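> here is my input; please provide its structure:
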Amino acid sequence: MTTQPASTPGIVTVTLNPAIDLTMRLKELIPGTVHRASDAAWAAGGKGINVAGCLSDWRQSHEPQIIATGLLGADNAPTFESFFAAKAIIDRFVRIPGHTRTNIKLLDDTTGDITDINPAGLTPEQTELDQFRAMLAADVVPGSIVVLSGSLPPGLAPSTYREILTGLNRQGARAILDAGGRAFRDAMASPPESMPWAVKPNQQELEAWAGGRFADLGDMVRAAHRLCRQGIGLVVVSRGAEGALFVSERHVLLGRPPILNVASTVGAGDALVAGLVAALSEKAEPERVARLALSFAAAKLAQHGPNLPDRAAVLAQFGKMTIERLPPPA
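Down below sits the predicted model:
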């Protein structure tokens, strides 16, 4: 793996706690009984890896390549290496001893519900973290878009993302954070120099940060706007089948998709982030940002696995989105 510095702004995704996703289809999930899966599929996973995969499917040959980095267990790295090779994603992952965790997804064909069982993951050594930071710094130039996604592995402090964001901001990168729990709350309590350029919490994550359930959409808008006043340029709140809210200091857009035929909800939020990155990388206007992000998510819902359909299929969703402009909070 080369660590030569990047020469032009590109797109980098960071996954510190990747996983192999094992999806098993069951006729019906009944706790406490023995089940026989009707189908089982293995795929390279982790939120940043899913984002990189969608962006690679969207990318045209003249556009900058997609770089994926983070920490990867050496013992089952070939699963990821095959994925990166197939998608033409530049692999900058630091290998660490052990097996990358396997997340188990149980799909109940009767209800359509998915039950997730996610192990904690590998604990990296400080030298491995230092190697990752050096790798990331070498791939970032002013104007690079860097996506920080997913949970932190065991042993890493909640402040880890905040520390990475500080370095990225010093390099002139535009960072997007998609993480929950203490890592998200810690990042949102950072000084301006450590704030990400954009964040994508879901409604529950934003409520946890705000300290309570939202009574209505107005509460959600006001909470997102508070983050904008703390120095974040764009807050995207994913709302599942109801679409997403896109909030900046000057714009509030409520995006709703049409009723869709859903093949799999796995990775739809990551596809939303990928669409957001694709739109922001072309310096799109706010409405196009919202439409393209939602189009990525809608197109992903029709696909199984960490894949996006072709560019025409994504753009076919573009005009189907309903985008409503709402007044910013006073």
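> so where is the stretch 151-300 of the chain shaky, pLDDT-wise?
Within the stretch 151-300 of the chain, the segments meeting pLDDT under 70 span 259-266.
> quickly find the element holding Ile176.
If you go by DSSP states H and E, Ile176 is part of strand 174-178.
> which helices and strands does that strand pack with?
strand 145-149, helix 160-170, strand 198-199, helix 268-281 (3 or more Cβ pairs under 8 Å, 6 or more residues apart in numbering; DSSP states H and E). Placement of C-beta: from N, CA and C, glycine included.
> same list (the ones you listed) but as a markdown table, adding mean neighbour count and distance to Arg213.
Converted to a markdown table, those look like this (neighbours: other Cβ atoms under 10 Å; distance: least, Cβ to Cβ, whole Å):
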| stretch | mean neighbour count | distance to Arg213 |
| --- | --- | --- |
| strand 145-149 | 27 | 25 |
| helix 160-170 | 19 | 25 |
| strand 198-199 | 26 | 20 |
| helix 268-281 | 26 | 20 |
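> distance to Ser56 added to these, as CSV?
Output for the helices and strands packed on strand 174-178, formatted as CSV (distance: least, Cβ to Cβ, whole Å):
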stretch, distance to Ser56
strand 145-149, 13
helix 160-170, 21
strand 198-199, 20
helix 268-281, 9
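> looking at the ones you listed, which is closest to Arg92?
When the helices and strands packed on strand 174-178 are compared by Cβ to Cβ, strand 145-149 sits nearest Arg92, at 11.8 Å.
> got the angle between the closest one and helix 160-170?
Between the axes of strand 145-149 and helix 160-170, defined by axes from the mean of the first three to the mean of the last three Cα atoms, to 10 degrees, the angle is 180 degrees.
> can you give the strand pairings for strand 145-149, parallel or anti for each?
Applying DSSP bridges, strand 145-149 is found paired with strand 11-15 (parallel), strand 174-178 (parallel).
> can you map out the helices along the protein?
Counting by DSSP state H, the chain has helices at residues 47-58, 77-87, 126-139, 160-170, 181-188, 203-210, 217-229, 268-281, 286-301, 311-315.
> need those in JSON lines (columns: distance to Ser149).
Shown next, in JSON lines, are the helices of the chain (distance: least, Cβ to Cβ, whole Å):
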{"stretch": "helix 47-58", "distance to Ser149": "4"}
{"stretch": "helix 77-87", "distance to Ser149": "15"}
{"stretch": "helix 126-139", "distance to Ser149": "13"}
{"stretch": "helix 160-170", "distance to Ser149": "10"}
{"stretch": "helix 181-188", "distance to Ser149": "11"}
{"stretch": "helix 203-210", "distance to Ser149": "13"}
{"stretch": "helix 217-229", "distance to Ser149": "18"}
{"stretch": "helix 268-281", "distance to Ser149": "7"}
{"stretch": "helix 286-301", "distance to Ser149": "14"}
{"stretch": "helix 311-315", "distance to Ser149": "20"}
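> ok, which of the ones you listed comes nearest Pro328?
The minimum distance between Pro328 and the helices of the chain falls on helix 217-229, with 6.5 Å, by Cβ to Cβ.
> residues contacting the residue nearest the centre of the chain?
For the chain, Asp270 is the residue whose C-alpha lies nearest the centre (Cα atoms, centre = their mean; 4.0 Å). For Asp270, the contact set (Cβ atoms under 8 Å, 6 or more residues apart in numbering) comprises Lys47, Asn50, Val51, Cys54, Ser149, Asp178, Lys300.
> hmm, try it at 6 Å
By Cβ atoms under 6 Å, 6 or more residues apart in numbering, the residues touching Asp270 are Lys47, Asn50, Val51.
> who wins for proximity to Ile20 among the helices of the chain?
Among those, the nearest to Ile20 by Cβ to Cβ is helix 77-87 (5.6 Å).
> tell me the buried residues in that closest one?
For helix 77-87, a neighbour-count test (16 or more other Cβ atoms under 10 Å) marks Ala77, Thr79, Phe80, Phe83, Phe84, Lys87 as buried.
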